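I would like the atomic coordinates for the input below:
(one chain, ligands or ions: 1)
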Amino acid sequence: MGVIKKFRIKSFKNPWPIISLENISLSFGKRKILDNVSFKINHGQILGMLGPNGVGKSTIFNLITGLIKPDYGKIKFEGIDVVDYPIYLRTTKFKIGYVPQYGGYFSDLTLLENLKAIAEIVIDDKNLIYHKINMLIAKFELDAIRDIKAKFLSGGQKKKLVIALALLSDPKVLLLDECFAALDVLTIKMLQEIIVNLQTESNITICICDHQARDLLSCVDVAVILSNCKIVAQGSPNELINNTEAKNAYFGDSFKFN
Ligand SMILES: Nc1ncnc2c1ncn2[C@@H]1O[C@H](COP(=O)(O)OP(=O)(O)OP(=O)(O)O)[C@@H](O)[C@H]1O
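The predicted model follows:
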């Protein structure tokens, strides 16, 4: 698949980190998962995380959202260390949206009922609820399936629903965990376009992890490669596919991007 991004923003004006992980170390019991990991997600960027199964990608999302705490290191949102902030404070004060790999919706509610249920929790101004829901239904072309129970939606429709649910609270940052998994080629392309539009039209900073390396590299500005508890390479997609550490740790020799 070709590169879907028409252009990559090579130099962001006044780049500043909206999220930074500084010297993060974490073990579960005696197993070290992350060892002195540092990287930044710059405001307005789409950053990808790649790495083999079990390397710690979802764990990094859990650290960012506050589900778990690091053993060592700082997690900063807009320059403020949030390690001791509870989940709800991080997500509301700093407007972090999270799209989990599995689930994230009420199975027995229809698509519309799901949107209403979350909107009533996250939108204070009741007059805005229907406006916001209608805007998301139009944006993601969900009108024809609004009355179908979530459990009967296709994989791609479920992903669109969960992204729409995350957007109800107007996030500044969206974390997408394996959003291309188990989806067909056209559905992946549709999601890539949604992701790039969220960046370019809504100015949302996005962090995605996925195993579909080509699909991920097609829509990110920069990516980091995790291997053996560390970040072994980072840079633009073109820099990474020519990076020896990235090839050794993740891509292998025969990987082609375009
Ligand atoms: N709460 C936990 N307690 C103990 N071990 C955990 C916990 N959460 C994750 N792990 C372990 O940490 C490692 C990293 O898991 P994680 O889910 O972050 O990997 P991943 O890179 O997202 O993997 P995949 O690509 O397969 O989804 C795994 O070995 C996992 O078993």
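
what mean pLDDT does the one helix or strand L63 maps to have?
Here L63 sits within helix 57-65, counting by DSSP states H and E. Averaging pLDDT along helix 57-65 gives 94.

Is any residue of that helix near the ligand?
Yes - on the criterion Cβ under 6 Å from any ligand atom, helix 57-65 is in touch with the ligand at 57-59. Placement of C-beta: from N, CA and C, glycine included.

now the helix or strand just after that helix, how far from the centre of its chain.
Under the assignment DSSP H and E, the closest C-terminal helix or strand after helix 57-65 is strand 72-77. From the chain centre to the centre of strand 72-77 is a distance of 18 Å (Cα atoms, centre = their mean, to the nearest Å).

Does anything pack onto strand 72-77? Which helices or strands?
When contacts are defined as 3 or more Cβ pairs under 8 Å, 6 or more residues apart in numbering; DSSP states H and E, strand 72-77 packs onto strand 17-28, strand 31-42.

What pairs with it, parallel or antiparallel?
strand 17-28 (antiparallel), strand 80-81 (antiparallel) (DSSP bridges).

on that earlier part again, looking at the helices and strands packed on strand 72-77, spot the one closest to V122.
V122 lies closest to strand 17-28 among these, at 19.9 Å (Cβ to Cβ).

May I see the buried residues of the closest one?
17-22, 24, 26 (16 or more other Cβ atoms under 10 Å).

Stretch 104-117 too?
So, applying 16+ other Cβ under 10 Å, buried residues of stretch 104-117: 104-105, 110-115.

Among those residues, which one sits closest to the ligand?
Top of the list for closeness to the ligand, among the buried residues of stretch 104-117 and by Cβ to the nearest ligand atom, is G104 at 15.3 Å.

Send over stretch 174-189 as PDB, restricted to the C-alpha atoms.
Output of stretch 174-189 as PDB, limited to C-alpha atoms (Å, rounded to 0.1, in the frame of the first residue of the first chain):
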ATOM      1  CA  LEU A 174      -6.000  10.400  21.300                       C
ATOM      2  CA  LEU A 175      -4.300   7.100  22.100                       C
ATOM      3  CA  LEU A 176      -5.200   4.300  19.700                       C
ATOM      4  CA  ASP A 177      -4.300   0.700  20.800                       C
ATOM      5  CA  GLU A 178      -3.900  -1.700  17.800                       C
ATOM      6  CA  CYS A 179      -6.700   0.100  15.800                       C
ATOM      7  CA  PHE A 180      -5.900  -1.800  12.500                       C
ATOM      8  CA  ALA A 181      -6.000  -5.300  14.000                       C
ATOM      9  CA  ALA A 182      -8.200  -7.800  12.300                       C
ATOM     10  CA  LEU A 183      -9.500  -5.300   9.700                       C
ATOM     11  CA  ASP A 184      -9.600  -5.600   5.900                       C
ATOM     12  CA  VAL A 185      -7.500  -3.400   3.600                       C
ATOM     13  CA  LEU A 186     -10.300  -0.900   2.700                       C
ATOM     14  CA  THR A 187     -11.400  -0.600   6.300                       C
ATOM     15  CA  ILE A 188      -7.800   0.100   7.300                       C
ATOM     16  CA  LYS A 189      -7.600   2.800   4.600                       C
END
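
what about N197, distance to L167?
11 Å (Cβ to Cβ, to the nearest Å).

Pick out whichever of those two has more residues nearby.
L167 (21 against 12; other Cβ atoms under 10 Å).

so who does the residue lying closest to the more buried one once chain neighbours are set aside touch?
Using Cβ to Cβ, 6 or more residues apart in numbering and skipping the chain neighbours, the partner closest in space to L167 is L136 (6.1 Å). When contacts are counted by Cβ atoms under 8 Å, 6 or more residues apart in numbering, L136 touches 115, 142, 164, 167-168.

Recalculate using a threshold of 10 Å.
115, 119, 142, 160-161, 163-165, 167-168 (Cβ atoms under 10 Å, 6 or more residues apart in numbering).
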